[in-house]
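**Student:** Got a predicted model here, sequence first, then my questions.
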Amino acid sequence: MPPIFKPHHYRLLSGNTVIFSVKARLLGHSHRPLPKRLKLKLLIASALLVQIVIPIGVQAALPKEIQTALNRADLSAANISIIITPVGTKNASRLPPIVQVIDSGDTNITVNTGPRAKTTTSATTANKKSIANQTPPITVSKQEIVQQERALHNYTDDAYTHQSLENTPTVLHSNPVSKPNTVSNNENNSRDKNQKNDGFGATDTLTITPTIGPLKIHQPLVNHQPNVARTPASTMKLVPSFIALDTLGADFVWHTRVYHSGIIIGHRLHGDLIIQGSGDPKMTHQRLQQLLYQVQKTGIRHIDGDIIVDSAVFKNVSKDPSTFDNAPLRPYNASPDGFLVNFSSIGIQSYPLDNEQAQLTYTPQLANYQLPSVVNTRAAPCSQARYSLSPQWQTDKLVLNANLPDGCGEHVFYIAYPDAKDFAARAVAAKWQQMGNTLSGQVIAQETPYNPHNSYKKTGKNTYPKLGLAALSVSALPIVSYPSLNLTQQIYDINHFSNNVMTEQVALSISAYNKTNIADSNTKGATSLYQFGTPKSTDYPTALQSINQWWQTHLTTPPPYLTNGSGLCRDCTISAANLSELLTYAYSHPSFDAYVDSLGIAGVSGTIAAHNSRLPESAAIGRAWIKTGTLDNVTSMAGYVKGQSGQDYTVVGLINTEQSLNSYTARPVLDAMLDWTAQQ
């Protein structure tokens, strides 16, 4: 039997990379020589390919619009990597309907709900280049976008944290421009209507691995320095968010489970309540209350014991929040945790009073922690919390070292607490008490599984083993299994609002919920807490290795170098070729809708909303779905653009400089990249 030649990977690039390569394997005869006829064919093919390879080091000229923007920003072509590549076909676009941004003078403006929704457009002159076989566009007022963005930024100093905490989209992109929401202190009225609690965890659901169909390979239109390893900033979030969709599934949910030791008599638990953290990226203060409400519904109102918060699903992931940029109060520096509550951040809402003071309320409340209820005001414009209030977390109280500028008015500030476990413990205790329940012990957050045989009761300075009813073993099954928002909704926050800590939670979950790890943890003599589809404990090295292995299995470019998943790092690197290949691969994936819908819409929503004001006449407004990234020496964009011809494109632009970069002058370079692509 002659050896079988089976090509299984094709790679097409240009610029300073090989333009075409074939990986082949011999099935069943890997050590036998190739037959002469097949060897001759390969030699001829190789000779033909050599004739079309672009010499290494030769770069095609950048489009003049992009080059002009580079010159205006005082940047050189060496500072930027760009790849713009057609993807798919003109008559089979997988991108959502475009969003027409029109003047408010036009009438009958409608904004339809949901991705892929068909709409009736108003009588407007916008975008007269209608495309055959395309879904009609969504229409939205430019003035509405500007007004609501302005209102949002006037209302809070941290718009993305505010939207991520307070807004839970039930239908993605149903309202591209989010209205400001107040921080509610009446949390008992909050009911999460999006959950499906079937009693089984995410690991108990059937996950079908999709088959990736063949995708037409296109030559890049622009391919400038594709293989230069650059710092990506938040465009790195595109990597773990897609890998999670591929490995876990768009409908994946995290289940936070609650057990108890001892016995329940009446409404009293004689024992400990154990909350087993799942790594849920979005356990907001409202959802924490819903979790405890579910516990209360089982009949438990009084606990003669402790509440144990078990966050063992993630190990050794805490970090010093001041390390990256010496801004420990900023929520984007919060540490991940196995039981992360409200991004370890507190919302402080100010209400002006008549006596040169302002009233302050806090969400969530923290048990046994003093939070000032009133602050003096001063004549000044409003600024960020760290400048406006100069807050300082102390052992048992929050100290405000500055008077509040009277320009803030009714305003919401968000500040991060330095210790995720202590924050979760205090928030749980406060919520439990606010619901009218009692706790004789304390809330203990720990990174080890609960073991009733090592459970002790503290009385003053003395410690005793728990005896009697409280010493009975842990319940065989959870009394509550509380599902998270699904992965599709979670990555909407990650990419739309560039949520760092949620990205870390998802990146860590990729390895924690790996099917092999779950099977291992369920068959190796685990304790009763770990017999119900429980993930294996993971850490950063394991999670990053899982991401690296996925890349090597599914893609052909060398893997990027990650030190975390969010891009909040200066030593992590990725190439434009990496991101371009990932975006192309994702385009043909069954979960592509969830992926592209998580991205901001140029000039309309998310972190790319300001494209409208930077380049008002841009053809990319409403027809580009983009993840942005910004650090002091990085500006980046990556995503998808629908050209006016009907052709879809992947776009990647990474700008790095040695010194600090003025993002206000650098971003227009990448705006020009989007505009140029949309005109194609």
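**Tutor:** On my side now, so go ahead. Not measured: the values here are computed from a predicted model.

**Student:** What is the neighbour count of residue 567?
**Tutor:** 28 (other C-beta atoms under 10 Å). For glycine as for every other residue, the C-beta is placed from the backbone atoms N, C-alpha and C.

**Student:** pLDDT weak spots in this structure?
**Tutor:** Counting by pLDDT under 70, the chain shows low-confidence ranges at 1-60, 104-135, 167-216, 452-471, 515-535.

**Student:** Give the helix, strand or coil label for the most centrally placed residue in it.
**Tutor:** By C-alpha atoms, centre = their mean, the mean C-alpha position of the chain lies nearest to residue 494, the distance being 2.0 Å. For residue 494, the assignment made with DSSP: H, G, I helix; E, B strand; the rest coil gives helix.

**Student:** show me what contacts it?
**Tutor:** If a contact means C-beta atoms under 8 Å, 6 or more residues apart in numbering, then residue 494 has 237, 241, 281, 502-503, 506, 598 as its contacts.

**Student:** How about residue 99?
**Tutor:** By C-beta under 8 Å, 6+ apart, residue 99 lies in contact with 137-140, 176, 601, 604, 621-623.

**Student:** about what we covered before: and the contacts of residue 494, which is closest to residue 633?
**Tutor:** Relative to residue 633, the closest of those is residue 237; by C-beta to C-beta it sits at 18.4 Å.

**Student:** Pull the contacting residues for the nearest residue to residue 619 once chain neighbours are set aside.
**Tutor:** Among residues not flanking residue 619 along the chain, residue 678 sits closest, at 3.9 Å (C-beta to C-beta, 6 or more residues apart in numbering). Contact analysis of residue 678 by C-beta under 8 Å, 6+ apart lists 618-620, 623-624, 641-644.

**Student:** Tell me how far residue 678 lies from residue 643.
**Tutor:** Distance, residue 678 to residue 643, using C-beta to C-beta, to the nearest Å: 6 Å.

**Student:** Next: residue 313.
**Tutor:** Taking C-beta to C-beta, one finds residue 313 at 44 Å from residue 643.

**Student:** Tell me which of these two has more neighbours.
**Tutor:** Ranked by neighbour count (other C-beta under 10 Å), residue 313 and residue 643 place residue 313 first, with 27 against 22.

**Student:** so what's the residue lying closest to the more buried one once chain neighbours are set aside up against?
**Tutor:** Excluding its sequence neighbours, the residue lying closest to residue 313 (C-beta to C-beta, 6+ apart) is residue 338, at 4.1 Å. If a contact means C-beta under 8 Å, 6+ apart, then residue 338 has 277-279, 310-314, 447 as its contacts.

**Student:** Secondary structure of residue 338: a strand, I assume?
**Tutor:** No: counting by three-state DSSP, residue 338 is not part of a strand but coil.

**Student:** what about residue 541, how many neighbours?
**Tutor:** Residue 541 has 10 nearby residues by other C-beta under 10 Å.

**Student:** In contact with residue 608, which residues?
**Tutor:** Contacts of residue 608 (C-beta under 8 Å, 6+ apart): 599-602, 624, 626, 628, 637.

**Student:** Which two of the residues you listed have the greatest separation?
**Tutor:** Longest span within these, C-beta to C-beta: 601 and 637, 12.9 Å.

**Student:** Quickly list what's touching both of these two.
**Tutor:** Common neighbours of residue 601 and residue 637, using C-beta under 8 Å, 6+ apart, are 608, 626.
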